[in-house]
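1. Predicted model and sequence below, questions to follow.
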Amino acid sequence: MSRLADRTVIGLSISAVVLMALAALIPNWMLFIFLQSFARGAVALGLLVLWRSGLISFGHALYFAAGAYGAVFMQRMIANDAFAMVAAGLIASGALAFLLGFLLRQYRGIFFALLNMAFSMVLWGLLAKTEALGSTDGLSIVAPRFFGMVFAGDQSKLAIYFFAIVLTWMFSVAVHLYMKSTLGAMSTAVRENEIRLEYLGYSAHRAVHVKYVISALLAGFGGVLMGMTVGIVDPDSMAYWTVSGEFVFITILSGTGNVAATYIGAFVFEIIRSLAFQYSPKLWQLIMGGALLLIIMFLPNGLWSVMARLRKARAS
Amino acid sequence: MSTVLDVRALHKTFGGVVAAANINVSIAEGETIGVIGANGAGKTTFVNMVTGYLKPSAGAIEFLGKNIVGLRPRDITKLGVCRSFQVAQVFTSETVFENLLIAYGIAEERGWGLLRHIDNAPRAKRVEAHLARYKISEYRDVRATALPQGVRKLLDIAMATVRKPKLLMLDEPTSGISVEEKFGIMDIIMAALREEKTTVLFIEHDMEIVERYVSRVLAFYQGEIICDAPAAIALQDPKVKEFVIGQERHRTRGPVHA
């Protein structure tokens, strides 16, 4: 099997085609859940890149929000185009991560995790207090154009859905190939032995910095998708620390076994939350907490470990 | 033979403690040097200064005529000074093959090349050859955490030699290895290094290893070099016998119980 078209790439490609075909069959509310899953799954994929290096961030809502607000300003001030909005979101989140990375790459463990949270809360405060940035009400996003093409109503949602599938597929394949590269393979090196990495001739700080920017780009992309999906970006649903907590929840739920895991995790998260909220509006957080507890107890390596167990059982 | 490393008037203090005092040493290409001394004599401090882990308080370190004081460990590694550690520094969750693959990937790729697939056929072939040179091919697919101590040491040294260093510094290559294994492991290491024509300096407490494998001895005592001579002469030196070998024998035998 070719190194570029391995099992994961083929699986992601088939999934993308199947999801596109499903568009004709699924109701609007399911389309909405899928779009939210792509958005949150992208952020969780960014956290997976960090997690493989032994790092966890409690503040990736920072880049989720930066991406979403970047997209809003692109639409309002420069160009109302979905691709330009994604580009703006990536530039906003990537540039911010590049700058903050110079500080954060020096920290590990709980310090890294909480510094991220601190920066995300600074952004939350800034967004919530600044009128020009929409304050607590946020800013609305209108249906974007796609290379000049305008879609209205349900057609617009469908266009965003296809757009999201194509870009999610591209980013996921790119991250998968990155993990197979020398830089990707350094994740273990950073996690287990920075001294050896340094004496092999590469800077652990630089490796962390690169991974941090990659994770922020993915979070920024997730933010743009979420903004397009819900039609509004606001500090509480984009930058608040509980949003970062949700991303960590999804990452734990997913496991680090495969890039596809984060989307499955995000989808399961959305389904549990939707059902819990629908059937028990006052206890849904309790149900979410219970679900996480069960996952940690019975599937400590996340949902993807079920696949590994099935494969092992089939082999034996 | 040309000079590989030239160290002049090297000093290192930690607060009031002198860890290295006026160290002057010149190492020629192709030499095999044994560094001996009791614990705290300054051996590892010396290696740490040459490899950039510690910055000297004063003095000069020239590698192939270039001043390397103040350079970062990775820059010194790229220049051609590599090292292994007293406690093997490997990636424990990876297999032996993957450990060396990462080492090769880092040594061979630059810039955007770091984003190329790490495992390609020519590189895999080089890794296999490297494994064979260090006689660890049979452990190819074993995770480093499950390796016997001797094999882990060999892997550590194998990783340090991926860049084909001009000067290799080994910190106690036989520490933690059983008496029965030590000569076998040293034979493998020295044969591989001879094949690559690598200049070697290693710290060692075992005088049998020193006698058998080194051409020259640097004996450290309280941060100073008290003897710099061919092995046969150095090991008979009265000061070395009194301050180094005596203590080493005592250390090796352990406390005497009545």
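-> Alright, I've got the coordinates.
2. Relative to chain B, how far out is the residue lying closest to A:M149 once chain neighbours are set aside?
-> Of all residues not flanking A:M149 in the chain, A:A159 sits nearest, at 7.8 Å (C-beta to C-beta, 6 or more residues apart in numbering or on different chains). Any C-beta I mention is one placed from the backbone N, CA and C, and that applies to glycine too. As for A:A159, its distance to chain B is 32 Å (criterion: C-beta to the nearest C-beta, to the nearest Å).
3. ok, now which ones touch A:A159?
-> A:82, A:146, A:149, A:151 (C-beta atoms under 8 Å, 6 or more residues apart in numbering or on different chains).
4. Pretty sure B:R83 sits against B:E172.
-> No - if you go by C-beta atoms under 8 Å, B:R83 and B:E172 don't touch, sitting 11.6 Å apart.
5. okay, these two: which has more neighbours?
-> B:R83 (26 against 21; other C-beta atoms under 10 Å in any protein chain shown).
6. mind listing what the more buried one touches?
-> A:199, B:47, B:51, B:160, B:168-171.
7. Of these, which is the nearest to B:T95?
-> B:T95 lies nearest to B:A160 out of the contacts of B:R83, by C-beta to C-beta, at 18.1 Å.
8. Return the residues in contact with that closest one.
-> A:199, B:82-84, B:168, B:170.
9. what residue is smack in the middle of the chain?
-> Just so you know, I chose chain A. Chain A has A:V43 as the residue nearest its centroid, 1.3 Å off, counting by C-alpha atoms, centre = their mean.
10. Correction: the question concerned chain B.
-> Central residue of chain B (C-alpha atoms, centre = their mean): B:L170, at 1.1 Å.
11. what helices or strands is the host helix or strand of it leaning on?
-> Assigned by DSSP states H and E, B:L170 belongs to strand B:167-171. With contacts taken as 3 or more C-beta pairs under 8 Å, 6 or more residues apart in numbering or on different chains; DSSP states H and E, strand B:167-171 sits against helix B:43-50, strand B:81-83, helix B:149-160, strand B:199-203.
12. Let me see the ranges of the strands in the chain.
-> As the question left the chain open, I've gone with chain A. A:139-140, A:232-233 (DSSP state E).
13. Can you look at chain B instead?
-> Using DSSP E, strands in chain B cover B:3-14, B:17-28, B:32-37, B:58-63, B:66-67, B:81-83, B:167-171, B:199-203, B:216-221, B:224-230.
14. Pull up the pairing partners for the fourth one, direction included.
-> Spelled out, that is strand B:58-63. If you go by DSSP bridges, strand B:58-63 pairs up with strand B:3-14 (antiparallel), strand B:66-67 (antiparallel).
15. Throw those strands into TSV and include mean neighbour count, thanks.
-> As requested, those are exported to TSV (neighbours: other C-beta atoms under 10 Å in any protein chain shown):
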stretch	mean neighbour count
strand B:3-14	17
strand B:66-67	10
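16. Just put the ones you listed in TSV and tack on distance to B:K164 and mean pLDDT.
-> Output for the strands paired with strand B:58-63, formatted as TSV (distance: least, C-beta to C-beta, whole Å; pLDDT from 0 to 100):
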stretch	distance to B:K164	mean pLDDT
strand B:3-14	14	94
strand B:66-67	18	95
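17. and of those, who's closest to A:L25?
-> Closest among those, once you apply C-beta to C-beta, is strand B:66-67, at 68.3 Å.
18. now that closest one, how far from the centre of its chain.
-> Centroid separation for strand B:66-67 versus its chain: 20 Å, with C-alpha atoms, centre = their mean, to the nearest Å.
19. follow-up on the earlier one: so of the strands of chain A, which one's packed in deepest?
-> Comparing the strands of chain A by mean neighbour count (mean count of other C-beta atoms under 10 Å in any protein chain shown), strand A:232-233 comes out on top with a mean of 22.
20. and it, which strands flank it?
-> strand A:139-140 (antiparallel).
21. Quick one: residues in contact with the partner strand.
-> Surrounding strand A:139-140, the residues in contact under the criterion C-beta under 8 Å, 6+ apart are A:69, A:72, A:76, A:133, A:231-234.
22. Could you work out the most separated pair of those?
-> Among these, A:L133 and A:G231 lie farthest apart (C-beta to C-beta), at 17.1 Å.
23. And for A:Y107, the neighbour number?
-> Going by other C-beta under 10 Å, the residues that sit close to A:Y107 add up to 15.
24. Ok, A:I26 next?
-> Neighbours of A:I26 using other C-beta under 10 Å come to 14.
25. likewise the one 3 residues further on?
-> Other residues within reach of A:W29 by the criterion other C-beta under 10 Å amount to 9.
26. Highest mean neighbour count out of the helices and strands packed on strand B:167-171?
-> Note that of the helices and strands packed on strand B:167-171, strand B:81-83 is the most buried (mean count of other C-beta under 10 Å), with a mean of 28.
27. Was I right to think A:S280 contacts A:I287?
-> Yes - in this structure A:S280 lies within contact range of A:I287 using C-beta under 8 Å: 6.3 Å.
28. With neighbour numbers in mind, choose between those two.
-> A:I287 (16 against 12).
29. ok, now how distant is the residue nearest to the more buried one when sequence neighbours are not counted from A:N116?
-> Closest residue to A:I287 apart from its sequence neighbours, by C-beta to C-beta, 6+ apart: A:A276 at 4.0 Å. A:A276 sits 27 Å away from A:N116, going by C-beta to C-beta, to the nearest Å.
30. And those two? Which one has more around it.
-> A:N116 (27 against 18).
31. Count the neighbours of the closest residue to that one other than its chain neighbours for me.
-> Closest residue in space to A:N116, ignoring its immediate chain neighbours: A:G59 at 3.1 Å, by C-beta to C-beta, 6+ apart. Counted by other C-beta under 10 Å, the residues lying close to A:G59 total 30.
32. Likewise for A:V166?
-> 12.
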